[in-house]
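**Student:** Everything below, folded, please.
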Amino acid sequence: MMKLKLIKFVDNISGLQIYQLSRFIVFLIISIVFTKTHLSSAEIGKWEMFLFIAGMLSFFWVTGIIQALLPLYHRNRTYRKMGDTGAGKSPEIFNAFLLLTFFSLLTFVLGHSVKGSISVFHLSGNIPFMNLLLLYLLLSSPVCLIEYIYLLNNRSYRIIQYGFYTFSAQLILVIAPILAGKDIIWSIYGLLVITGVRWIWLIVLLKRYTAPEFSWKFMKEHLYLGAPLIITSLISGSAQYIDGVIISTVYRDPAMFAWFRYGAKEFPLVLLLANGLSNAMLPEFATRAKMKDSLVKLKLKSKRLMHLLFPVTMVIMLFTRWLYPRLFAPEFHKSAGVFLVYSLLIIPRLVFPQTIVIGRKKTRITLIAALIEIGLNIPLSLLMIKWGYGIVGVALATFIVYCISKIFLAGYVWVKMKIKPTEYIPLKLFIIYSILTAVVFILVDRGIIDIR
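**Tutor:** Predicted coordinates for the structure are as follows:
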């Protein structure tokens, strides 16, 4: 019965969005629970640093490989010419798994080769739980393929089921040791256990949905398309990690790092639903025949997200300064200002020129946009700190350069691909909501509206 209801009301886009939202909610609950226990800010900072470094070392190549797979699935030169591989099983997914595993092993080996001679940017002390961190990197990156195996096989309800089971287990395994009075390392052990469970799940799916055919030709095609995306993700998607590096460099204080990290989070509904929409739409832009329909669908889905996310974000902004000290701990009131700025990222986040560009396999354009972004982010962040904006200024710099990057991509889609912004953006609605959001930000930031 549950399966039938999920099939009826959930499509690939909403399934992936719900999954990604569930992931954020679980980590948010963990963060809240940690601040209510015996853990100090410095101990919480170790947990945050563990996740921070794990993400920093893997997010770019995981994102690039998976984003390149989506438009290549059943639409590539290698297997399109070879015909059906039998039983509907995909050699593309299998080779993507091999690539993810290779990069995981490479990171694991390189990490062990240098672990005795480095610290976090040589600035913030030793990397916490280095051996466990490298093991987590080895195991966690390939399992990111699971939800996309379901997506490519139109098993949206399975994405939700998988997320429910594994995230529920993760929540229990991570917070139970802390509630029992144990040290933070036991939460790391819990994270590793659930990652092992996900590996077993992945092996089962690989046997069910993939054809185990190694193809160097397809891997070259995959990497040719994916390399710019990997570099783009490294540059553009590293904004939060660059921000963390800057905070570590300037302040050299684990507590300050924890305050920044707790604030440097986009409103989850925005980030996760937007990314879910973008990734789920990539296969639909892979062929010219579906372009017009795909543009209409993207515009309609964008409009629905705007009606949902802009009002909710504005309400959250009004209560941010009241919420943070109560949700976490009184000393985390410094995180509220950072979160307010990150909330503004809804404005560029709900515009999707990158979906069209990547879907049409013009990945080198996204690389140019990322280079523009990184070229501006670091100097602007340092200037903001110099001008007295502190950790809030670092967040503001991220917002500015992200807007510039999206404007560049939208301009390319308009000028080079002859697709006007009005074809995929509900422009009037977007402008109205953006202005209202900016006004709310100013009122809260200046203390004109002060709900505490």
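**Student:** drop to CA atoms for contacts and neighbour counts, all remaining ones
**Tutor:** Noted.
**Student:** Okay, now the unreliable bits of the stretch 301-450 of the chain?
**Tutor:** 329-332, 388 (pLDDT under 70).
**Student:** any chance you could map the helices in it?
**Tutor:** 334-343, 346-349, 353-359, 363-386, 390-415, 427-445 (DSSP state H, counting those that start in this stretch).
**Student:** who wins for proximity to residue 106 among the ones you listed?
**Tutor:** With Cα to Cα, the closest approach to residue 106 among the helices of the stretch 301-450 of the chain belongs to helix 363-386: 23.2 Å.
**Student:** Now the closest one: buried residues?
**Tutor:** 363-374, 376-378, 380-385 (16 or more other Cα atoms under 10 Å).
**Student:** do stretch 413-423 as well
**Tutor:** Buried residues in stretch 413-423 (16+ other Cα under 10 Å): 413-414, 419, 421.
**Student:** Would you reformat the residues you listed as JSON lines and include distance to residue 341?
**Tutor:** Below are these laid out as JSON lines (distance: Cα to Cα, whole Å):
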{"residue": "413", "distance to residue 341": "28"}
{"residue": "414", "distance to residue 341": "29"}
{"residue": "419", "distance to residue 341": "31"}
{"residue": "421", "distance to residue 341": "26"}
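**Student:** Just name the closest of those to residue 301, please.
**Tutor:** Using Cα to Cα, these come closest to residue 301 at residue 421, 14.7 Å.
**Student:** Quickly note the distance from the closest one to residue 39.
**Tutor:** Separation of residue 421 from residue 39 (Cα to Cα, to the nearest Å) stands at 49 Å.
**Student:** now the helices of the stretch 301-450 of the chain as a markdown table including distance to residue 135?
**Tutor:** Below are those laid out as a markdown table (distance: least, Cα to Cα, whole Å):
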| stretch | distance to residue 135 |
| --- | --- |
| helix 334-343 | 31 |
| helix 346-349 | 33 |
| helix 353-359 | 32 |
| helix 363-386 | 30 |
| helix 390-415 | 31 |
| helix 427-445 | 42 |
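**Student:** Tally up the residues packed near the residue nearest to residue 259 when sequence neighbours are not counted, please.
**Tutor:** Excluding the flanking residues, the one nearest residue 259 by Cα to Cα, 6 or more residues apart in numbering is residue 335, at 5.2 Å. Neighbour count of residue 335, defined by other Cα atoms under 10 Å: 25.
**Student:** Ok, the one 3 residues further on next?
**Tutor:** The burial count assigned to residue 338 is 25, neighbours taken as other Cα under 10 Å.
**Student:** swap in the one 5 residues further on?
**Tutor:** A total of 27 residues lie near residue 343 under the criterion other Cα under 10 Å.
**Student:** again with residue 447
**Tutor:** For residue 447, using other Cα under 10 Å, the count is 10.
**Student:** Surely residue 444 touches residue 322?
**Tutor:** No. If you go by Cα atoms under 8 Å, residue 444 and residue 322 don't touch, sitting 11.2 Å apart.
**Student:** Have a look at the two and say which one is more surrounded.
**Tutor:** Counted by other Cα under 10 Å, residue 444 and residue 322 do not tie: residue 444 has more neighbours, with 19 against 15.
**Student:** Quick check: the gap between the more buried one and residue 305.
**Tutor:** For residue 444 relative to residue 305 (Cα to Cα), the value is 24 Å.
**Student:** cool, residue 328 as well?
**Tutor:** 28 Å.
**Student:** One more: residue 392?
**Tutor:** 27 Å.
**Student:** Next up, the contacts around residue 355.
**Tutor:** 278-279, 281-282, 285 (Cα atoms under 8 Å, 6 or more residues apart in numbering).
**Student:** go again using 6 Å as the cut-off
**Tutor:** residue 278 (Cα atoms under 6 Å, 6 or more residues apart in numbering).
**Student:** Check residue 230 too.
**Tutor:** Counting by Cα under 6 Å, 6+ apart, residue 230 has contacts 60-61, 64.
**Student:** Then residue 64?
**Tutor:** Contacts of residue 64 by Cα under 6 Å, 6+ apart are 226, 229-230.
**Student:** Among the residues you listed, which are located in helices?
**Tutor:** 226, 229-230 (DSSP state H).
**Student:** Just give me the closest of those to residue 174.
**Tutor:** Of the ones in helices among the contacts of residue 64, the one sitting nearest to residue 174 (Cα to Cα) turns out to be residue 230, at 30.3 Å.
**Student:** That closest one - nearest residue in space that isn't next to it in sequence?
**Tutor:** residue 64 is the one closest to residue 230 (Cα to Cα, 6+ apart), at 4.2 Å.
**Student:** Just the pLDDT for the one you found.
**Tutor:** In this prediction, residue 64 carries a pLDDT score of 89.
**Student:** Please, which helix or strand holds it?
**Tutor:** Take DSSP states H and E as the rule and residue 64 turns out to sit in helix 41-72.
**Student:** okay, and for the stretch 1-150 of the chain, where does confidence drop off?
**Tutor:** Using pLDDT under 70, the stretch 1-150 of the chain drops low at 1-9, 80-88, 116-127.
**Student:** Quick one: the helices in it, in order.
**Tutor:** 2-9, 12-35, 41-72, 77-82, 91-114, 130-140, 146-152.
**Student:** list the buried ones in the fifth one?
**Tutor:** Meaning helix 91-114. 91-101, 103-105, 107-108, 111.
**Student:** Quick one: residues in contact with that helix.
**Tutor:** Outside helix 91-114, the residues that reach it (Cα under 6 Å, 6+ apart) are 134, 138, 142, 210-213.
**Student:** Show me which of those residues are buried.
**Tutor:** 134, 138, 142, 210-212.
**Student:** hang on, the earlier thing: more neighbours: residue 392 and residue 305, which one.
**Tutor:** Shown here are residue 392 and residue 305; by other Cα under 10 Å, residue 392 has more neighbours (24 against 17).
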